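Trainee: Sequence and predicted structure, then a few things I'm wondering about:
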Amino acid sequence: QSALTQPPSASESPGQSVTISCTGTSSDVGAYNYVSWYQQHPGKAPKLMIYEVNKRPSGVPDRFFGSKSGNTASLTVSGLQADDEADYYCSSYAGSNNLIFGGGTKLTVL
Amino acid sequence: QVQLQQWGAGLLKPSETLSLTCAVYGGSFSDYYGTWIRQPPGKGLEWIGEIIQSGTTNYNPSLKSRVTMSLDTSRKQFSLKLSSLTAADTAVYYCARRVTVHYYMDVWGKGTPVIVS
């Protein structure tokens, strides 16, 4: 099983929107609605931001939006704030009781 | 509020076995998988595997031959052993909770840095 593909970096100005992609295959992202997104600030543990493609845990702002089309999932962050600057990782169920992650995207708020 | 507290040796030599434990505080362990994930320095996350209260385990195929997970339900603790360590196993190791039937981790430990040298 290979890691999901994410762009290494993304950047946008405060108040703007940015979308991070996560590309898998028809055996993982494309096969299941079990894509999740995690935010990780430096030196901290990951934090769940989106689960099951587009659901937000309690406490996560509605500025974070998840979607999926075919083998590619996306995380859109609107109204960017300084604290959104972090690494973002996608994850997907890959069948046979396996989970895989993306390589991560470093989001910079300019 | 559920919290996970993890501990274990942080400096090991090649060929040794890593041993980490994660304790669940403030909530039940039933209906959840105890999950281990690692992150090499400057790199992304890698799912290692998981264990549920029944003792059923699921392991990353790439690590399966070296991984053993166990649990102590009375103490609400689950553990990871990774054998035959090499420098490539140097990473921060996280424990996390996954709800059964759902494939996401909603509670994470703070991470334990492990150096193999």
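Mentor: Cool, got the structure. Numbering: from 1, shown residues only, chains lettered A, B, ... in the order given.

Trainee: CA only for contacts and neighbour counts going forward, please
Mentor: OK.

Trainee: if I look at residue A:108, how far off is chain B?
Mentor: 16 Å (C-alpha to the nearest C-alpha, to the nearest Å).

Trainee: would you say that residue is within a helix?
Mentor: No: secondary structure of residue A:108 (DSSP: H, G, I helix; E, B strand; the rest coil): strand, not part of a helix.

Trainee: Would you mind giving the secondary structure of the residue positioned nearest the centre of chain B?
Mentor: In chain B, the residue lying closest to the centroid (C-alpha atoms, centre = their mean) is residue B:36, at 2.7 Å. Taking three-state DSSP as the rule, one finds residue B:36 in the strand state.

Trainee: which ones are touching the residue nearest to it when sequence neighbours are not counted?
Mentor: Leaving aside its chain neighbours, residue B:36 sits nearest to residue B:95 (4.6 Å; criterion: C-alpha to C-alpha, 6 or more residues apart in numbering or on different chains). Applying C-alpha atoms under 8 Å, 6 or more residues apart in numbering or on different chains to residue B:95 gives the contacts B:4, B:6, B:22, B:34, B:35, B:36, B:37, B:108, B:109, B:111.

Trainee: Not counting stretch A:5-25 itself, show me its contacts.
Mentor: Applying C-alpha under 8 Å, 6+ apart, the external contacts of stretch A:5-25 come out as A:3-4, A:29-31, A:71-82, A:90, A:102-110.

Trainee: Thank you kindly, that will do.
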